[in-house]
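Q: Got a sequence here, can you model it:
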Amino acid sequence: MSESRHVPVMLQRCLDLLAPALERPGAVVVDCTLGLGGHSEALLARFPEARLVALDRDKEALRLSGERLAPYGDRATLVHAVYDELPDVLGRLGIPRVQGVLFDLGVSSMQLDEAGRGFAYAQDAPLDMRMDQTTGVSAAEVLNTYPPGELVRILRAYGEEKQAKRIVSAVVREREKEPFTTSARLVELIRDALPQAAKRTGGNPAKRTFQALRIEVNGELSVLERAVPAAVKSLDVGGRIAVLSYHSLEDRLVKQVFAAGAATTAPPGLPVVPEQYQPRLKLLTRGAELPTEEEIAENRRAAPARLRGAERIREDVG
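A: Numbers count the residues shown, from 1 in each chain. Model (predicted):
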């Protein structure tokens, strides 16, 4: 169990972004991606008046972080849920509005480190990739059963893989001989399928395919499309949201939601913009903020991180 798995990404900056909203007594902060509880623990420690609600779809993560957060007693409420279920969770807990929301969209370090889960391409493991192992189809089922056209679409859309057609035709050829069960066979197939030039760029050649499979298996982008607007809606005026993304697809989605909230919706040419058209959000980051070089040197998993923050400045009207 390496130390790096305990290092929450861009921790100080996340806390600073949320601080003005969480220093009020009785503030509620939601950690939508509890993982091993690093961000949650820091939130509870830094904001002693705040109450935490934390969500995770992975039961093992809930168990481990439950032990870690036990000293905080009833200030922490941990819930087994996917983050687009936030409105239901808050409804059940009788919390009408919250003051802070944090998303850390990376695969939890624990899942990357646990060989048996099949997230990492660096070690051989069963091709599973489900964040909640009690439900849904595994990565092996996706590879073995999806039509070729659908696999190409997934690799292109979610992995931004230019060689999708080559990889998929190799997958289809191989799965007819024997279904895929482990990650090593897939990594080897991708290495063999790619032209020399494609292997020279951007790290492990399997990286983009594994990312695409993980997003498909967990419905990550569709969940995020529902979750970020729902989180913004749950914020009190003066409440703040911080989102850490790890690839351009996630970051683009977050950027679009924030930009829409920070724009005026008035028809052009009005001399005075009526209240109902005024922006509901104020952006707190200029573009996406990146981790410092020092942080990346200490925790290489921080390298792809992009942080965006926004503050709720108005109620929805109408």
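
Q: next one: phi and psi at the nearest residue to residue 69 once chain neighbours are set aside?
A: The shortest distance from residue 69 to any non-neighbouring residue, by CB to CB, 6 or more residues apart in numbering, is to residue 76 (4.6 Å). For every residue, glycine as well, the C-beta is placed using N, CA and C. With angles defined as degrees, to the nearest 10, residue 76 sits at phi -120, psi 130.

Q: And residue 271, by the same measure?
A: Backbone phi and psi, for residue 271 under degrees, to the nearest 10, turn out to be phi -70, psi -40.

Q: burial of it, as a residue count?
A: A total of 4 residues lie near residue 271 under the criterion other CB atoms under 10 Å.

Q: Could I get the contacting residues of it?
A: Listed by CB atoms under 8 Å, 6 or more residues apart in numbering, residue 271 has no contact partners.

Q: Was I right to think residue 296 contacts residue 9?
A: No - contact status for residue 296 versus residue 9: not in contact, 9.9 Å apart, counting by CB atoms under 8 Å.

Q: Quick check: which ranges of the stretch 51-200 of the chain have low pLDDT?
A: Applying pLDDT under 70 to the stretch 51-200 of the chain flags the ranges 107-123, 197-200.

Q: Contact partners for residue 235?
A: Residue 235 neighbours (CB under 8 Å, 6+ apart): 97, 98, 99, 101, 241, 312.

Q: If we only consider the residues you listed, which is nearest to residue 20?
A: residue 99 (9.5 Å; CB to CB).

Q: neighbours around the spatially closest residue to residue 50 that is not a sequence neighbour, how many?
A: Spatial nearest neighbour of residue 50, excluding adjacent residues (CB to CB, 6+ apart): residue 27 at 4.5 Å. Counted with other CB under 10 Å, the neighbours of residue 27 add up to 20.

Q: if I read this right, residue 27 contacts residue 47, doesn't it?
A: Yes - contact criterion CB under 8 Å: residue 27 and residue 47 qualify, at 6.7 Å.

Q: so where do the helices sit in the stretch 201-318 of the chain?
A: In the stretch 201-318 of the chain, the helices defined using DSSP state H, counting those that start in this stretch lie at 207-218, 220-234, 248-262, 293-298.

Q: Which positions within the second one qualify as buried?
A: Looking back up the chat, that one is helix 220-234. 220, 223, 224, 226, 227, 228, 230, 231, 232, 234 (16 or more other CB atoms under 10 Å).
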